[in-house]
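Q: Here you go, sequence then predicted model.
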Amino acid sequence: MELESTEKPYIDFYDKHKISPVSQDISDISIHFDRRSSLYRHLGIVPSFISGKSIIEFGPGSGHNAIYTNSLRPARYVLVDANPTGLYHTKELLTQYATSSTLNFKIVDSLIEDYKDENSYDLVICECVIPRQNDPFEFLKKISQFVTTGGVLIITCVDSISWFSESLRRIFAYLIMDKIGNNDSLAKKLDILRPFFEIQLKSLIHMSRPIDDWIMDSILNPLNGNLLPIPDAIKTLKQEFDIYGSSPNFFTDWRWYKGLYGRYKSFNESAIDMYYFNAHNLLDYRYVFPQRPIEKNKYLINLCNKIIKYQVEFQSNRSFKTVSSILQILEEIIDEVDSFSSEASASVNDYICALRYYLEHNKVPSLDRFIHFWGRGIQYLSFIKKS
């Protein structure tokens, strides 16, 4: 079965199926608000920063995250998206949770890359949109234009290490979906994939997204575009922005503040070094490992880049030659990962055995260790626009 292709990442797939598969569990609104507050804390955003300020959010999904931001009483809150289903749900949720002091929101139906606005904003938010765009770097430059001097930009990044476990799951999903026809409904595809992924997603601690939403967005969504690793995001913005915060929060800086002036500040360069020292910690969310030499992590990144490349290739060609290449790279990854995590390497080995078993017997085996193996898929960054 061939997956759909899209010219406009996310939007074409969502619009075709009339979906917005990015909802969150808000059955306990206090827990949801605590999660968002903790995220903002990692990024250096305190509630008083948003109160009375101008905010623009690109790609608000279905508005689940926006209701927290709006509860902090911004003076102006603009939300821009081009997915009709998402826009409908965003308006519905914001209206439902709004009070008399939080009605200053405006919802705009527009492709983000086409959006025009003469205003600049104290806070610009763009979550889970830029990675997988055809040109994420130009996309990032576009949204960064709307940040006022001294204002803050919040974005998300994804790299080949953090997305490694999802890439392996997508490969297995393509094999399973080859049993059905191209014209089968989205509902039928979900019925076929749900048993395989349900037990895996239930093993993911603190998972707050519906299973079907995750399958539609992370597996069935074509996602052919480019990733956006943290160093590339920083380098794209470095002329006008300084890195501010991150979640996971792994940036540390032991330099004396009195020495941080002029060319000695180098916040961006320091953050890039911290990323490369810690990139292996994006592989498995269950553990935090000591820093590794930069060159070793660059080697691991290179191996994971190859898996991403072959995953996209296999998505298109369904060639067993591609699967053979994937298995070969995975053996190299096991050797490298075993040097800092025997559990992660055992999880990858479990996947290799399961994949080989499926190819030989056309039957999905149990993946007792791999089902618990998840990366830190998305990383949040905040930036301050320089004077």
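A: That came through fine. Numbers count the residues shown, from 1 in each chain.
Q: Show me the helices in this protein, by range?
A: If you assign secondary structure with DSSP state H, the helices in the chain sit at 11-17, 29-42, 47-50, 66-71, 84-97, 136-144, 164-177, 186-202, 211-215, 230-237, 267-278, 294-317, 320-337, 342-361.
Q: who touches the first one?
A: Right, the one you point to is helix 11-17. 4, 6, 20-21, 82-86, 111, 186, 216, 220-222 (C-beta atoms under 8 Å, 6 or more residues apart in numbering). The way it works is simple: take the backbone N, C-alpha and C, and place the C-beta from them, glycine included.
Q: returning to what we had before: with mean neighbour count, mean pLDDT and distance to G259 added, can I get the helices of the chain in JSON lines?
A: Conversion of the helices of the chain to JSON lines gives the following (neighbours: other C-beta atoms under 10 Å; pLDDT from 0 to 100; distance: least, C-beta to C-beta, whole Å):
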{"stretch": "helix 11-17", "mean neighbour count": "18", "mean pLDDT": "95", "distance to G259": "46"}
{"stretch": "helix 29-42", "mean neighbour count": "15", "mean pLDDT": "97", "distance to G259": "25"}
{"stretch": "helix 47-50", "mean neighbour count": "15", "mean pLDDT": "94", "distance to G259": "27"}
{"stretch": "helix 66-71", "mean neighbour count": "22", "mean pLDDT": "97", "distance to G259": "36"}
{"stretch": "helix 84-97", "mean neighbour count": "17", "mean pLDDT": "96", "distance to G259": "45"}
{"stretch": "helix 136-144", "mean neighbour count": "19", "mean pLDDT": "98", "distance to G259": "28"}
{"stretch": "helix 164-177", "mean neighbour count": "21", "mean pLDDT": "94", "distance to G259": "38"}
{"stretch": "helix 186-202", "mean neighbour count": "15", "mean pLDDT": "93", "distance to G259": "47"}
{"stretch": "helix 211-215", "mean neighbour count": "19", "mean pLDDT": "96", "distance to G259": "46"}
{"stretch": "helix 230-237", "mean neighbour count": "20", "mean pLDDT": "98", "distance to G259": "21"}
{"stretch": "helix 267-278", "mean neighbour count": "19", "mean pLDDT": "97", "distance to G259": "12"}
{"stretch": "helix 294-317", "mean neighbour count": "17", "mean pLDDT": "95", "distance to G259": "23"}
{"stretch": "helix 320-337", "mean neighbour count": "16", "mean pLDDT": "96", "distance to G259": "36"}
{"stretch": "helix 342-361", "mean neighbour count": "17", "mean pLDDT": "96", "distance to G259": "38"}
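Q: would JSON lines of those with distance to T156 be doable?
A: JSON lines is the format used below for those (distance: least, C-beta to C-beta, whole Å):
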{"stretch": "helix 11-17", "distance to T156": "17"}
{"stretch": "helix 29-42", "distance to T156": "11"}
{"stretch": "helix 47-50", "distance to T156": "18"}
{"stretch": "helix 66-71", "distance to T156": "15"}
{"stretch": "helix 84-97", "distance to T156": "17"}
{"stretch": "helix 136-144", "distance to T156": "11"}
{"stretch": "helix 164-177", "distance to T156": "14"}
{"stretch": "helix 186-202", "distance to T156": "20"}
{"stretch": "helix 211-215", "distance to T156": "16"}
{"stretch": "helix 230-237", "distance to T156": "9"}
{"stretch": "helix 267-278", "distance to T156": "15"}
{"stretch": "helix 294-317", "distance to T156": "17"}
{"stretch": "helix 320-337", "distance to T156": "24"}
{"stretch": "helix 342-361", "distance to T156": "23"}
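Q: Of these, which is nearest L381?
A: Closest approach to L381 among the helices of the chain (C-beta to C-beta): helix 230-237, 6.1 Å.
Q: what's the closest non-adjacent residue to F250?
A: N278 (4.9 Å; C-beta to C-beta, 6 or more residues apart in numbering).
Q: Quickly note the distance from the one you found to F251.
A: 9 Å (C-beta to C-beta, to the nearest Å).
Q: if we can go back for a sec, who wins for proximity to I371 among the helices of the chain?
A: Going through those one by one, with C-beta to C-beta as the measure, helix 186-202 comes closest at 4.4 Å.
Q: Which residues outside the closest one are in contact with it?
A: Residues external to helix 186-202 that are found in contact with it (C-beta under 8 Å, 6+ apart): 17, 19, 169, 172-173, 176-177, 179-180, 207, 211-212, 214-216, 219-220, 364, 367, 370-371.
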